[in-house]
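This is a predicted model, with the sequence first.
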Amino acid sequence: RNSRPVLIVYRFRKSRLEMANAGGAPIMVMNQSTQRESGRKAQLSNIAAAKAVADIIRTTLGPRSMLKMMLDPMGGIVMTNDGFAILREIDVSHPSAKSMIELSRTQDEEVGDGTTSVIILAGEMLHVALPFLEKVKLHPTVIVAAYRKALDDCLSTLETLARPIDCENREEMLRVVRSSLGTKFVSLFGDLMCSLALDAVQTIAVDIDDSKKKDVDIKRYARIEKIPGGELSDSKVLSGVMINKDITHASMRRTIENPRIMLLDCPLEYKKGESITNIEMLNPADWKRYLEIEEEYIEKICKDIQSFKPDVVITEKGVSDLAQHFLQQANISVLRRVRKSDNNRLARATGATIGHQPDLMHESDIGTRCGLFEVRKIGDEYWTFIENCKDPKACTIMLRGASKDVLSEIERNLHDAMNVARNVICDPRVLPGGGATELALAAALRSNSQSMHGVSLRPYQAVAAALEIIPKTLIENCGGHVIRLLTELRAKHANGKHTTWGIDGVKGRIVDMEELNIWEPFLVKSQTIKTSIESATVLLRIDDILSGVSKGKRDPAGGGGLQQQQTDPETFGDERDG
Amino acid sequence: MSQLPINGVRRVGQEVRDQNVMAVSAISNVVKSSLGPVGLDKMLVDEVGDVTITNDGATILKLIEVEHPAAKIMVELAILQDEEVGDGTTSVVIIAAELIKRANELVKNSIHPTTIISGYQRARKEACKFIADHMTKKVDTLGRKCLLEAAKTAMSSKIIGLDADFFAEIAVTAIERVRHVSEESKVEKKDAKGRSSVKNVNILKVHGKSQNDSRLVDGIALYQTRAAQGMPRSLKNARIALVDFDLRKTKLQFNVNVLITNPENLEAIRDRETELTKERIDLLLDAGVNVVISTKGIDDLAMKYFIDRNCIAIRRVSKRDAKRIARATGGRVLISLADIDNEGGEVIDESSIGVAESVHEERIGDEDIFFINGCQTTRSQTLILRGANDFMLDEMERSIHDALCIVKRTLESNRVVPGGGAVEVALSVHLEHVAESMGSREQLAIFEFAQALLVIPKTLATNGAYDAAELIANLRAFHNAAQTQENKKHYMWTGLDLTKGQVRDNFAAGVLEPAMSKIKSIRFATEAAITILRIDEHITMNPKVNPKNPAGDEM
C-alpha cells in the first residue's frame, strides 16, 4: 500500500505523455507546456486520484488500525496512524489528490480529530458517483445537487441523534476522550493518556467574558514536552509550566518554595540606543566615564528588580555577566532567553504580568501563584519546573517514553485527544461512535428517499451507501465478515430505533454503543460529514484539468512585447512545417 | 523567405484570418463548458502544482498561458469585462469567437471585411437599442426581490449555486449596507441611488465548517490578533485610534548621526528614545482611546502600558484595512500627532478617534480574528467565508465577488433583462427582421450577427446535454410571435429552463441579469471581433541579433 502515492504520480505522468503524443494540436494557442485533460476523462481521473488517497489511509481507521512508517527525503522516519500526519508526508502530483490532502488539514485545524475518516468518506463519496457518470450519464450538477440535499438532511438528522453530556462529569468526559484514543497507539496505555488530555484541557479552559462559552486555546497554553527516557506512565500534566532552561549562574538557588516570580521581556544588559550616535572624546577620563555608565545602568536595573524582592527573574532576552552577579548577590535566580510563548504560559500560570522596564513594574505584576520552583536534571538536560500553581490557566504536559519517534506519535495522539476534549467543552454534545452514527444517517437518508422522485433520487441514495464505508472499513480492519455484519446492522437501523448500534472494532461484532461506551464529539462528526460531502461536490464539478499554467507570472496586458516576438516564430514555424 | 525585405516572417490574407479564427475558437472552447447553471468547473494546475478550481471565464483565461496574439485579444476582452462589469466574462468570449468565425465565412464568400465590420456595427447599435427599449424592466418597480434574483442568477453557475438563496441574501445585504449617497448628489437630487463600492465588502477566508456557515459581519474583521496576550479579549464602547507611525523606539532617520562629546549625553539620548514613544502612547490613552491599531510596529516595551490600562493594541494592520476601519468608525488614520498651533508639541484631535460599540477577538477555525462591531456607519462590511479547503474558498470568493458586482450593477443601471438566453434569442429574431429590411451587402453581416448571438442559448443547452436545436427553434418561435403579434408580447421573456430542459418565462422564474451587463458584453464582444477582423497581415519579427555577437547564442 505504501507504493500507492508513486502510482498516482505515474498514472498522471503517463496521461500527460499520451496527451503530448496524441497532440499535433492544430495551432499552438496556449503555451506548449500546458497539458489538458477534459470531459469524462478528467472526471474519472479525479475520482481515481481521490480514491487512491483514501486507500492509502484506510487501514488506519478504528481500534484495529495499523501504523504507517514513512521515510522522508532527509532520512527521518515518521510512524503514525494519524491521517493528517500521513498525508502531510506524501508528495502527490495529481491536483485532486492535493485537494483531498487539504481536507485533512482543514479537519485538523478546525476540530483536530477525524482526519482519517474525512478522507475515507470524501473518497467514497466520489467513488459512488462513478457509475452515475460512467453508465447512467447523469449530469454532474444533478449529482452535486443531490449530495447537497443529502448533506442538509444529514446535518438535521445529526441534531436529533446527538445527546448532551455533562462537562463537569469526569467519567463521561473520559469516556469520550477514550473513544477517540481507542484507535491510537497509546490506547495500550489505557486511561493514562485520557486523563492527561482531559486534565490539560480543563486546566486551560477559561470562560469567555460574559458568555457561557469556554475558550480553550490548546496551541498557546498547553505545551507538550517530550523527554525520551523513563516510562510512559511517568508522563503527567504539570499544574504549571516547565521549560528547557537552567539557571544562568551555578550558585543561584535551584529550589524555591512559593517563589515570587518576575517576568521580563527586556535584556538585562546594556544596549545602545537605536539612533546612530558617535562620541567624540576629548578627554581620557570620558572613556572611563563611558564604561562606568554602562555598569551603572546595569546596577540600576538590578536595584529596581531587587526592590520587588523577587525570588526568580525570567527574561526573554539576554542577561549580562554583571547583572547575573548583582542578582546572585541578591539571592535571585535568573533564567534567560526564554521563548515568548513560554513566557506567555508562565504569565498565565503564575499570574504575573510581563514587564519591559524594571523601573516601571508594580507589585501586582509579580507572580505569586506558583508553589514550587525547581531545576531538575532529567536525562541529559536541565529543566526548570514552575509547579503547583494555584489555578493555573496554562500547563505543560511532560511526556516520557522509549524513543523520540514513539514520543512523536504519542504527542500526535495526545493532541487529537485534547482537541476532542476541547470540542466537547465547546459544544457538549456527543454522538455514538463505531460507525453507528453513519449507519443511522444512512438509514435516515434511505427512508427520506422513499418519498423522493426524479433523477436526483439515486445519487441521494448513493450518499447513504457512501456513509457505510466507515462501518465497513471498521469491520475490514478487524477482520470481520463485512457483508454479514453490515446487513445485520442495516436491519437494526432500518426501523430508526436502534440508532446506537455499531461495530465493536476490536472483536468484530455488532454491539450497542451504550454498552461499549464509544462516543464521539458532535463537532467532529458534523465537520467530517460537511467537509467530505462539500469537497466531493467541488471535485465532481470539474470537467477540465489544465496543467502547466502560470500563476501570477503573466505579463500585464500589452506588456512583454519582446518576449512575444521571441516566442512567436517558433510557434508559427511549427505550423508552417505541418 | 529570404527575398523578403523585412527580417521576419510575413503572412497575409486568408491564411491569417483562418489562423485567427482557429485561435479564438480554441479560447472559446476552453471556457465554453463552464457557461450557465449546468456548466462545470475547470481545474488549473500551475508549474509548481498549485491548484485553482474555477468557473469564472476571466480567471481561467488569466491563468492559461496564451501565446497567439489573436487569442491574447480574447483574454484581454475577458479581463476587460471582468473589470467593467464583473460578470459575464465567459459569454463575452463565446460571442466574440462566434462573430469572428462567421465573419471569416463571409470573407471567404468574397465580402470585404470592411463591409462586414460596418454591418456588425450597425447590428450592435440595433441590438443595444432593442435591449434598452424593449427588453428591460425597472428595478424600482420590482423591489429587493429583483436584486436577490439577479444575485442568484449570477451565482447559479458557480460553486455556491446550490446555496444561492443564502449567499444572495448576504450579497444583497452587504451591498445595501455599503451603499453611500454622497452629500452633493443629495443636494442635486441626481444619482439618488448612491454608489456602492464592492471594495468595501471585505472577504476573509477561513477553512473549516461548511459553506453554509459563512457569515456577514456588520463591521470589520481582521486576521490580526492583539499584540500581547495580556490584553483584554473584548472591550465595550471602543474608542479607536488608527496610527500610521511607528510606536517602536524612536529612531533617527537613516544616515543621521548624533555627535556628542559628553558620555552622559549618550544616556540622555537613549532615555529620550524610549520616552518619546511612551509620551505618544500616553497622549493617545489619555484622550480616552482604548484600542490602538497601527499599520506599523509597536514595540514590546509599549505592551505593558496598554496592558496596565486594559487597552488593546494591534500592530501591522494593512493600510487598506486601516482606511476601512477609519471609514466605518468615523475616525481618521493619524499620520503623525504633530500640533500645528504649538510648534513641536503633539496633540490628538477628538474627531480623529473612531468609535465602535464593541470589539472582540474570536477564534475561527485555526485563526484568531479581531472584530469591530457596531460601527458608526455600515459602510464597511466583512464577509467570512467557510469551506472545505482553500481551493474551494478561493472559488467561493470569486463567485461572491461576481455576485456583489452584479447586485451593484443592477442597482446602478436600475434595469434588468431576463437571463437564460432570452435576450440573445430576442435580439437574433429582431436582427433578422432588421437584416431583411436592408438592401445592401450589410444585410448578410447583420444576418450572421443575428445567428452568432444564438451561440449563447446553444451552449447553455449543450452543457445541460439537451437538444439544442429543438429548444432554440422553440424559443425563436416564441420570440418571433412576441415581436410580430401585439397580443403575444408577453412571450418576450421566454428563455431556457436548464434544470428541466424546457422553455419558460424567465422573468417569472426570477432569472435576471442587469441590463448594463448585457449591453456591455455585446458591445465589447463586437469591438473585439472587429479588431481581429481588421487584420489581414501578420508580421513576426525575428529576434534581434546582438550586433556584437552576431551568432546570438549568448543572448
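Looks like it arrived, so ask away.

use CA for all of it now, contacts and neighbours both
OK.

Quick check: chain neighbours aside, which residue is closest to A:Ile425?
Nearest non-adjacent residue to A:Ile425, counting by C-alpha to C-alpha, 6 or more residues apart in numbering or on different chains: A:Cys167, 6.2 Å away.

can you list the domain ranges for the chain.
Here I'm looking at chain A. For chain A, the TED database gives the domain ranges A:35-164+A:432-544, A:170-236+A:406-427, A:240-272+A:285-391.

oops, I was thinking of chain B
Taking the TED database as the reference, chain B has its domains at B:1-182+B:192-214+B:388-554, B:219-377.

that older thread, thought A:Cys426 was touching the residue nearest to A:Ile425, still the case?
No: counting by C-alpha atoms under 8 Å, A:Cys167 stays clear of A:Cys426, with 9.5 Å between them.

just for the stretch 251-400 of chain A, where's the confidence low?
In the predicted model, the stretch 251-400 of chain A carries no residue with pLDDT under 70.

Residue numbers of it in contact with chain B?
Residues of the stretch 251-400 of chain A lying near chain B by C-alpha under 8 Å from any C-alpha of the partner chain: A:265-266, A:272-282, A:286-287, A:289-290, A:293, A:344, A:353-357.

Could you do the stretch 401-550 of chain A as well?
Checking the stretch 401-550 of chain A against chain B by C-alpha under 8 Å from any C-alpha, the hits are A:527, A:530-532, A:534-535, A:538, A:541-550.

What mean pLDDT does stretch A:175-186 get?
The average pLDDT for stretch A:175-186 rounds to 80.

Give me the contact list for that stretch.
The contact list for stretch A:175-186, computed with C-alpha atoms under 8 Å, 6 or more residues apart in numbering or on different chains, reads A:61-65, A:67, A:81, A:187, A:191, A:193-194, A:197-198, A:409-410, A:413, A:416-418, A:420-421, A:430, A:433, A:517-521.

Show me the beta-bridge partners of the residue in the stretch 51-200 of chain B positioned nearest to chain A.
As assessed by C-alpha to the nearest C-alpha, chain A sits closest to B:Val66 within the stretch 51-200 of chain B, at 4.3 Å. Going by DSSP bridges, B:Val66 is paired in beta bridges with A:Met30.

Let me see the contact set for B:Val31.
Going by C-alpha under 8 Å, 6+ apart, B:Val31 touches B:Gly57, B:Ile60, B:Leu61, B:Thr90, B:Ile94.

Export the domains of chain A as CSV, with columns for mean neighbour count.
Listed next are those as CSV, based on neighbours: other C-alpha atoms under 10 Å in any protein chain shown:
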stretch, mean neighbour count
domain A:35-164+A:432-544, 21
domain A:170-236+A:406-427, 20
domain A:240-272+A:285-391, 19
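
Dump these to TSV, plus distance to B:Ala468.
Listed next are these as TSV, based on distance: least, C-alpha to C-alpha, whole Å:
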stretch	distance to B:Ala468
domain A:35-164+A:432-544	16
domain A:170-236+A:406-427	52
domain A:240-272+A:285-391	64
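
For A:Leu71, see how far away the residue of chain B most remote from its centre is.
Ranked by distance from the centre of chain B (C-alpha atoms, centre = their mean), the top residue is B:Asn262, with 61.7 Å. Distance, B:Asn262 to A:Leu71, using C-alpha to C-alpha, to the nearest Å: 63 Å.

The residue nearest the centre of chain A: helix or strand, and which one exactly?
The residue lying closest to the centre of chain A (C-alpha atoms, centre = their mean) is A:Asp108, at 3.9 Å. Using DSSP states H and E, A:Asp108 sits in helix A:95-110.

Show me what that helix is packed up against.
If you count contacts as 3 or more C-alpha pairs under 8 Å, 6 or more residues apart in numbering or on different chains; DSSP states H and E, helix A:95-110 packs onto helix A:40-57, helix A:83-89, helix A:115-131, helix A:522-540.

what does stretch A:400-410 contact?
With C-alpha under 8 Å, 6+ apart as the criterion, stretch A:400-410 contacts A:77-80, A:185-186, A:226-235, A:399.

ah, wrong one, I meant stretch A:74-82
Residues outside stretch A:74-82 that contact it (C-alpha under 8 Å, 6+ apart): A:60, A:65-72, A:86, A:115-116, A:184-185, A:405-406, A:409, A:412-413.

Mark which of those are part of strands, please.
Counted as lying in strands by DSSP state E, out of the contacts of stretch A:74-82, are A:Lys68, A:Met69, A:Met70, A:Leu71.

Right, I'll leave it there.
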